[in-house]
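Asker: 3D, please:
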Amino acid sequence: MRSPMATWTQIAGVHGGGSPIMETISLNAEIDYEAKKNIAKYLAGINKELDQSKDLNSKPNPLIRK
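Answerer: Numbers count the residues shown, from 1 in each chain. Model (predicted):
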């Protein structure tokens with residue numbers, strides 16, 4: 001299972017002394033904010049259904065190990 005925190009840990013561990021802004025940009029590159037917004041709207045009761053069918057076809061990033 002891929003995790004944004006795992007990605008953050010891997011990038012932050014090797015990023016070194018570069019620009020904090022570029023680190024933030026690289027950490028946020030893989031995050032699907034639309035999916036997060038849809039989950040939040042579902043939990044808040046704005047949307048009555050949660051469609052996660054797009055996530056069923058996603059494959060784990062081979063660079064991220066468990």
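Asker: which residues in the protein form helices?
Answerer: 4-15, 20-27, 33-43, 53-56 (DSSP state H).
Asker: the second one packs against which elements?
Answerer: For helix 20-27, the contact count by 3 or more C-beta pairs under 8 Å, 6 or more residues apart in numbering; DSSP states H and E identifies helix 4-15 as packing neighbours. Using the backbone N, CA and C atoms, a C-beta is placed for each residue, glycine as well.
Asker: just the mean pLDDT for the helix it packs on, thanks.
Answerer: The average of the pLDDT scores along helix 4-15 is 64.
Asker: then stretch 23-41?
Answerer: With pLDDT averaged residue by residue, stretch 23-41 scores 83.
Asker: what comes up buried for it?
Answerer: Judged by neighbour count (16 or more other C-beta atoms under 10 Å), stretch 23-41 contains these buried residues: 27, 38.
Asker: restricting to C-alpha, output it in PDB.
Answerer: Taking Å, rounded to 0.1, in the frame of the first residue of the first chain, the C-alpha atoms of stretch 23-41 are listed here in PDB:
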ATOM      1  CA  GLU A  23      11.100  20.000  -1.100                       C
ATOM      2  CA  THR A  24       7.400  20.900  -0.500                       C
ATOM      3  CA  ILE A  25       6.700  20.800  -4.200                       C
ATOM      4  CA  SER A  26       8.400  17.400  -4.600                       C
ATOM      5  CA  LEU A  27       6.500  16.000  -1.700                       C
ATOM      6  CA  ASN A  28       3.200  17.200  -3.000                       C
ATOM      7  CA  ALA A  29       3.700  15.900  -6.500                       C
ATOM      8  CA  GLU A  30       2.100  12.600  -6.000                       C
ATOM      9  CA  ILE A  31      -0.800  13.600  -3.800                       C
ATOM     10  CA  ASP A  32      -4.300  13.400  -5.400                       C
ATOM     11  CA  TYR A  33      -6.000  16.400  -3.800                       C
ATOM     12  CA  GLU A  34      -9.200  15.900  -5.700                       C
ATOM     13  CA  ALA A  35      -9.600  12.400  -4.100                       C
ATOM     14  CA  LYS A  36      -8.900  13.900  -0.600                       C
ATOM     15  CA  LYS A  37     -11.500  16.600  -1.200                       C
ATOM     16  CA  ASN A  38     -14.100  14.000  -2.300                       C
ATOM     17  CA  ILE A  39     -13.500  12.000   0.800                       C
ATOM     18  CA  ALA A  40     -13.800  15.100   3.000                       C
ATOM     19  CA  LYS A  41     -17.100  16.000   1.200                       C
END
